[in-house]
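[1] Sequence first, then the predicted structure, then my questions.
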Amino acid sequence: MEGNPDTFFLRFLEGEVMPDTLPRAGGWDGLRSSVFSGHELQPEDSYMPVHQNTAAYQPQPWLFGVFVIQLLILAGIMGFFRNGFIRQITALVSVKNLDALAKEGNIVYQIHTVLLLFIYVLSMGGAATVAAGRFFPEAEYSPLQVFIAASVLTAALFFAKFVLFGLLGRVSGESLNNRRYITNMVVFNGLVGLLVLPVAFVGAYQGIPYMFVLLLVAVTGIYIVRAVRGVWVVQSNSPFPALYIILYLCTLEIMPVLMVLAWGLNA
């Protein structure tokens with residue numbers, strides 16, 4: 001230190017002098033802007049910047065074609081299979097209508113049901129593609145790969161449950177109750193597809209903040225309601241012990257959905 005010790009501190013505050021033990025980064029302003037790195041003070045411009053994802057989201061031209069196909073399918077359903085579509089929608093809120101569809105036993109094989117399930121699969125694939133492009137633009141997978149993987153996974157999960165409940169119905173002799181659960185699953189999946197379609201379309205070109213978070217929460221709620229209602233419908237007409245129903249509900253229905261929700265919120 002040099003100079004009169006009585007005036008040194010005032011000169012130090014004005015930035016005229018700097019002690020040798022402090023970083024020379026612009027006087028007092030440099031000292032205030034320095035950060036700790038290990039055990040030594042470092043100037044403001046010497047610490048490692050935080051990595052930020054600067055890749056811009058680019059909407060995929062082919063994805064617009066997927067949305068158009070879904071809208072055309074929906075228009076065809078409303079034009080040629082309006083009555084069946086209305087029955088399926090009313091089964092969402094009416095257990096009596098759901099039971100009537102289950103007793104017919106052919107809902108999965110009806111054309112409008114297959115088309116609604118196709119919309120459901122494409123909607124989930126489109127939503128996954130848009131969400132991956134928005135939140136993970138630097139991922140190593142291409143948007144087309146994400147779309148195919150999400151669509152195939154959605155279809156495979158539905159088909160696996162359909163086959164599983166079909167086999168359980170034949171083994172247990174409770175084919176009607178299994179058809180009730182499958183019918184409940186089908187009508188709620190159609191609702192999810194119709195809900196996800198417009199949100200995925202808007203998200204592909206507008207990117208409204210928190211839109212996908214709200215969609216994820218809404219879809220999770222629908223899946224939980226679907227599982228609880230399906231088990232309740234089966235339990236009310238079945239001698240299966242309640243403990244087995246609760247174990248199934250927690251392990252194969254609610255828990256996977258909650259895991260996906262937690263992953264999506266963290267992402």
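    Alright, I've got the coordinates. Numbers count the residues shown, from 1 in each chain.
[2] what's around Val146, how many residues?
    21 (other CB atoms under 10 Å). Using the backbone N, CA and C atoms, a C-beta is placed for each residue, glycine as well.
[3] ugh, wrong one, I meant Val171
    So Val171, with other CB under 10 Å, has 10 neighbours.
[4] What of Tyr120?
    Neighbours of Tyr120 (other CB under 10 Å): 26.
[5] From Ile73, how far out is it?
    The gap separating Tyr120 from Ile73 is 11 Å, by CB to CB, to the nearest Å.
[6] Same question for Tyr223.
    Taking CB to CB, one finds Tyr223 at 23 Å from Ile73.
[7] Compare the two and say which is more crowded by neighbours.
    Tyr223 (21 against 16).
[8] The more buried one - that's part of a helix, no?
    Yes - assessed with DSSP: H, G, I helix; E, B strand; the rest coil, Tyr223 lies in a helix.
[9] and Ala218, how many neighbours?
    If we define neighbours as other CB under 10 Å, then Ala218 has 14 of them.
[10] Contact partners for it?
    By CB atoms under 8 Å, 6 or more residues apart in numbering, the contact list for Ala218 reads Leu195.
[11] Mind pulling up the pLDDT for it?
    Per-residue pLDDT puts Ala218 at 82.
[12] just checking, it is part of a strand?
    No - using three-state DSSP, the secondary structure at Ala218 is helix, not a strand.
[13] How much space separates it from Ala200?
    For Ala218, the distance to Ala200 - CB to CB - is 13 Å.
[14] Likewise for Phe67?
    For Phe67 relative to Ala200 (CB to CB), the value is 8 Å.
[15] which neighbours do these two share?
    Gly126.
[16] So which of the two has more stuff around it?
    Using other CB under 10 Å as the criterion, Phe67 and Ala200 rank with Ala200 on top: 26 against 18.
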